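Q: Whatever this is, show me its structure:
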Amino acid sequence: MTVRIGHTTTSGTFSLDGKTILVDNNAWIVGDEHECVVIDAPHDGSAILDVVSGRQVLAILLTHGHDDHLGAVGSLWDATGAQIFLHPADRMLWDRVYPGVAPDAHLVDGKTLTVGGEDLHVLHTPGHTPGSVCFYLPSANAVFTGDTLIRGGAGSTGGSFSDSGALARSIQDRLLTLPPDTTVYPGHGDTTTITAESAPGRAATSA
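A: Okay, here's the model as predicted:
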């Protein structure tokens, strides 16, 4: 494996359905010594750029369209010029933060992106939002799950545009079928594994 996984946690707010809460978000930076992709762009672009450390950013990949996962997109784009990828089913959420400005490219199920010579596979995993996706990196036994799967169970489905049934199916059919030793890198909180989240009752739990 030629790529490494970098990380930063940033703090800010999440707003939906007239409510605003404080949250800590993970941003994951995947690449080699020359190039990388950024998975989610929460709150503080400068903290993410510190981990990028001067490498070429090939793309900013968004796991979904909630504002706490894309608030730093503008500053990262200004700094890097990297293309911004979002699943089109979450465009209505994007438009709440960046009205009149479109993402550069669509994420679709089965799409493969390459960074540092390694393939990153797009898995459409609707439920937390209609356009939620995960990114599977087989060479590192890693999957980046956004808010679809976090340590201890499924992501939340209490807000607008969420679907608990769809989320359960996405986790069961797209994530728990990955190799058991796959490390899960979520949008919030600590890493976990597919083995741990396959335990009875875990993935059915709404966080």
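Q: worst-scoring helix or strand of this structure, pLDDT-wise?
A: Using mean pLDDT, DSSP states H and E, the weakest-scoring helix or strand in the chain turns out to be strand 153-154, at a mean of 94.
Q: Quick one: name whatever helix or strand follows that one.
A: Counting by DSSP states H and E, the element after strand 153-154 in chain order, helix or strand, is helix 164-170.
Q: pretty sure Ser75 is in a helix, no?
A: Yes. Assessed by DSSP: H, G, I helix; E, B strand; the rest coil, Ser75 belongs to a helix.
Q: Contact partners for it?
A: Residues near Ser75 by C-beta atoms under 8 Å, 6 or more residues apart in numbering: Gly45, Ser46. For glycine as for every other residue, the C-beta is placed from the backbone atoms N, C-alpha and C.
Q: Which stretches in the chain count as helices?
A: Secondary structure of the chain, counting by DSSP state H: helices at 45-52, 67-70, 73-80, 91-97, 164-170, 194-197.
Q: can you tell me which of those helices comes nearest to Gly187?
A: Among these, helix 67-70 comes nearest to Gly187, with 6.3 Å by C-beta to C-beta.
Q: which secondary structure elements does the closest one contact?
A: For helix 67-70, the packing partners by 3 or more C-beta pairs under 8 Å, 6 or more residues apart in numbering; DSSP states H and E come out as strand 4-16, strand 19-31, helix 91-97.
Q: just the ones you listed: most buried one?
A: Comparing the helices and strands packed on helix 67-70 by mean neighbour count (mean count of other C-beta atoms under 10 Å), strand 19-31 ranks first with a mean of 18.
Q: Turn the helices of the chain into JSON lines, columns for distance to Thr148 and mean pLDDT.
A: Below are the helices of the chain laid out as JSON lines (distance: least, C-beta to C-beta, whole Å; pLDDT from 0 to 100):
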{"stretch": "helix 45-52", "distance to Thr148": "21", "mean pLDDT": "98"}
{"stretch": "helix 67-70", "distance to Thr148": "12", "mean pLDDT": "98"}
{"stretch": "helix 73-80", "distance to Thr148": "20", "mean pLDDT": "97"}
{"stretch": "helix 91-97", "distance to Thr148": "15", "mean pLDDT": "97"}
{"stretch": "helix 164-170", "distance to Thr148": "6", "mean pLDDT": "97"}
{"stretch": "helix 194-197", "distance to Thr148": "11", "mean pLDDT": "96"}
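Q: Could I get these in JSON lines, plus columns for distance to Leu137?
A: Shown next, in JSON lines, are the helices of the chain (distance: least, C-beta to C-beta, whole Å):
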{"stretch": "helix 45-52", "distance to Leu137": "17"}
{"stretch": "helix 67-70", "distance to Leu137": "19"}
{"stretch": "helix 73-80", "distance to Leu137": "20"}
{"stretch": "helix 91-97", "distance to Leu137": "24"}
{"stretch": "helix 164-170", "distance to Leu137": "18"}
{"stretch": "helix 194-197", "distance to Leu137": "13"}
